[in-house]
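Participant: sequence and predicted structure are below.
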Amino acid sequence: MHIVVSLLCSIRCCSFGCALAVAVICLVDFSFMSHVKCIFIYLLFCTEPLTVMASRGISIAPLPKEPKWRFTRNALTTGYLREMPSDDDLREASSLPSNLQEVAVLQDILFVMVGVDGRFIQRDPQSVTGLQFRTDPSLDRTIVNVVKRILPLCRAYGVVAEFIDKNEPFAQGRVNQALASAMRTLLKDYYILVAQLESQFNKGVLSLQSLQFSIQPSLAVFRPLADIATAITENDFRGGQVLTVLHNATHEAVGQQKLRKLCAFLAEKASRPFLHMLAQWIHHGIIDDPAREFMVIDTESADGDSAPAGATAVADTDSYWRQRYVLRPEAIPSFLADAAERILETGKLLNVMRGCGKHNPYPDSKPIAYTTRARDYDGIVATPHRHATRELLQILMGDFQLVKRLHSIRNYFLLQQGDVFVHFADSAHSELSKQSHTLQPQRLLSLFELAQRTSSARADAFKDHVYCTMEATNVYSRLFRVLNVSAATASDFVSPETMDFTVSSAPEGGRVDTISGYDAFSLECDVPWPVSLVIDQTSIRKYQLVFRHLFRIKHIERLLSASAISSSEALRCERSFSWLRMAYHVRQQMLAFVQTLQHHLLFQVIEPLWAQMRTTLQSATTVDQLFVAHRTFLDTSLKQCMLTHPVLLKAGAKLLSLCEIFSQYMTKFIKTAELRLSTRARSRAGHTDAELQRSATKLSKSFRDQMQVLLSELVAVASRENEQTIGNLVMSLNFNGFYESHVQHAERAALPGRS
């Protein structure tokens, strides 16, 4: 006896006492009662359940290596030995009288109940339907009938024992280990029962009928245990999937108090390591999950641990919030399904704070206990979520001045700091008028910085974060590539969610676009972590598209205004040039269009949307509200600035191109008029006047035709999309009824049933 107890106690750290006990029983010739007592003593005093280890927060990361003896000593098992030698033919029982057959069968049943083959009852190695037993065919039929009612317990024990052996290795995960440990705990009472039955057998007072009666409570326990073990094993469940099985089994045991208590016990024990991981996540933002069984996974960390502190741990802030930490739907326990999104967000908030060096863990961190009421977890998660949200909002709005940074970006990208670009355009006009590939970016950067420091922008604390850059294509070519449509097709708005803002701005096919510096000019902004979560690179790309559109409109307005001054001087000196008067009227139409469009975009679209976003930001209570408010502002701005509607974009771009071409012709007109006035050369005046007259007439007709196309599309879109801002633009462009006939025609065409 002392040899067996010593062997068991010497390996207590491996927590496989029952398995070793069975092997020792097979090898040492002690009485069966002594064997069972050894097993009971070991389980009662010498083991430390894995659930206790889990409750202490012992972390296994990375997974420890399995000891070599697990692979070399196959006899150390709780259940039936797969390779145990057995007789091909059962021993004949016909030679024994009926009373001795019962005694022999009783002894065999006691052995089979702990996973050891008997003489007349053995495991069937050829069974394909799981663990089955075969009995000696010569046994008395009455005895066989009673044995068949006892063997279900032996089968259930074998299934449970096999489940325990399979799920105790580290690779199965902490939840499965904890469940196996809980089941092993239940085996203690079972072994006590076997020991009591063996004692009655030795005293000669045990019969098959009394044994059958005595095992009924154990059968009521082991049947659901075997069902649970089978469901988990057949589906290869781990982690949250196992907890879902246990939680559902608890709820299904309605009206069966003992079964419900049993399932709740297993669920509580098995959930301890999972709830410990949950507490680490929502209290500290840490994923302690070496076996990949937790409901949240770090997609950028190979071992599941959180990234190191600092913004440099995040390579792409665009995808950090949405893709760095994600839920694993199959690993979410059913009782945490409603709180899953909040759980994910809470940990992400804590990780963002750690990334900027301001980690503030939840101060009232306590272990999370399992409860059968799923709604209780909403309250458990809500408090850490409120704490994390409040702390990160304070960091973003207070320490990193999110609103002021957005205001600074608005001043530059949305042209609210107008004098900066007036100074810059005056000083850099000669440079920006060149072809983009001949420009010196460093010179432009110096001129832009000079404009910042000589204007009202010098008081901006974040002006150094904004700088100029040069793009390879003009803004409209870029927009059509972002929209992923052909300029000649598509007739409806494109949702900003489907637009690819990461597409390269380089021309296709390796060609070089010959565009001016004005068309290539753009702005860039450096945004620090964690503000870059709100103002990410996608947001910067959207700001750039709006800025380049507005900057082009502003540039064309300057060109037309400059030509207006020169032409007025020429008209005062000479009023005989009819072509110059026509050009003057066309220029006035173009200037009215450009100024009206600019006013509409800045004051009827961007300004109201900005005021709405600012109000939302100031009243935001969650970080997601910041993201949504900023994203909504940009997407709505792109749409109402008509940058997501290919047809409107194409019509507007053509009109602006006509205005730019006309301003270039206007420069030639003015030079011709000045030459005429200075030389008074009239010998060839008729031929030259006719040429200029035709050019002015052609440009005037092209502008009016394209304006008609734009107005028709604006009316159609306003009617179809119920866009009030576009309707306001139509009214502004036709404020004095100048395009009344075009508008009325477009309105009639937009009516239902009219083509």
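Facilitator: Structure's in. What do you need? Everything numeric in this text was worked out from a predicted model, so none of it was measured.
Participant: C-alpha from now on. contacts and neighbour counts both.
Facilitator: Will do.
Participant: ok but Lys65 is inside a strand, no?
Facilitator: No - assignment of Lys65 by DSSP: H, G, I helix; E, B strand; the rest coil gives coil, placing it outside any strand.
Participant: and the nearest residue to it once chain neighbours are set aside, how many neighbours?
Facilitator: Using Cα to Cα, 6 or more residues apart in numbering and skipping residues adjacent in sequence, the residue nearest Lys65 is Phe170, 7.9 Å away. By the criterion of other Cα atoms under 10 Å, Phe170 has 16 neighbours.
Participant: Gln177 is in contact with Phe170, correct?
Facilitator: Yes - using Cα atoms under 8 Å, Phe170 is in contact with Gln177, at 7.5 Å.
Participant: do you know how far the residue positioned nearest the centre of the chain is from Asp624?
Facilitator: Centroid check for the chain by Cα atoms, centre = their mean gives Arg322 as the closest residue, at 3.4 Å. Arg322 sits 11 Å away from Asp624, taking Cα to Cα, to the nearest Å as the criterion.
Participant: tell me where the stretch 401-550 of the chain has helices.
Facilitator: Assigned by DSSP state H, counting those that start in this stretch, the stretch 401-550 of the chain shows helices spanning 402-413, 418-432, 441-453, 475-483, 517-520, 537-573.
Participant: among the ones you listed, which comes closest to Leu153?
Facilitator: If you check each of the helices of the stretch 401-550 of the chain against Leu153 by Cα to Cα, helix 537-573 wins as the nearest, at 63.3 Å.
Participant: what are the buried residues along the helix or strand following the closest one?
Facilitator: For helix 537-573, the succeeding helix or strand toward the C-terminus, using DSSP states H and E, is helix 578-599. Neighbour-count burial for helix 578-599 flags 579-581, 583-584, 586-587, 589-591, 593-595, 597-598 (criterion: 16 or more other Cα atoms under 10 Å).
Participant: do the same with stretch 393-413
Facilitator: Residues 393, 395-397, 400, 402, 405-413 are the ones in stretch 393-413 that count as buried (16+ other Cα under 10 Å).
Participant: same question for stretch 720-738.
Facilitator: Buried residues in stretch 720-738 (16+ other Cα under 10 Å): 725-734.
Participant: please apply the same query to stretch 161-174.
Facilitator: Within stretch 161-174, the residues that qualify as buried are 161-165, 167-174, counting by 16+ other Cα under 10 Å.
Participant: what is the mean pLDDT for stretch 232-244?
Facilitator: For stretch 232-244, mean pLDDT rounds to 94.
Participant: start and end of that stretch, how far apart?
Facilitator: So stretch 232-244: terminal residues 10 Å apart, Cα to Cα.
Participant: how far off centre is that stretch?
Facilitator: Put simply, stretch 232-244 sits 24 Å off its chain's centre (Cα atoms, centre = their mean, to the nearest Å).
Participant: may I see the buried residues of that stretch?
Facilitator: For stretch 232-244, the neighbour count (16+ other Cα under 10 Å) marks 232-233, 237-244 as buried.
Participant: secondary structure and distance to Leu444 added to those residues, as CSV?
Facilitator: Output for those, formatted as CSV (DSSP: H, G, I helix; E, B strand; the rest coil; distance: Cα to Cα, whole Å):
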residue, secondary structure, distance to Leu444
Ile232, helix, 67
Thr233, helix, 68
Phe237, coil, 62
Arg238, coil, 60
Gly239, coil, 59
Gly240, helix, 58
Gln241, helix, 60
Val242, helix, 63
Leu243, helix, 63
Thr244, helix, 63
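Participant: mind putting those in TSV, distance to Glu713 included?
Facilitator: Formatted as TSV, those follow (distance: Cα to Cα, whole Å):
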residue	distance to Glu713
Ile232	62
Thr233	64
Phe237	58
Arg238	58
Gly239	57
Gly240	55
Gln241	55
Val242	59
Leu243	59
Thr244	56
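Participant: what is the least confident helix or strand in the protein?
Facilitator: helix 50-55 (a mean of 34; mean pLDDT, DSSP states H and E).
Participant: can you pull out the helices in the stretch 251-400 of the chain?
Facilitator: Under DSSP H, counting those that start in this stretch, the stretch 251-400 of the chain gives helices at 257-284, 317-319, 340-355, 376-394.
Participant: which of these sits closest to Phe480?
Facilitator: helix 317-319 (22.1 Å).
Participant: before we move on, back to that, tell me which of the helices of the stretch 401-550 of the chain is the most buried.
Facilitator: A comparison of the helices of the stretch 401-550 of the chain by mean neighbour count, using mean count of other Cα atoms under 10 Å, puts helix 517-520 on top with a mean of 23.
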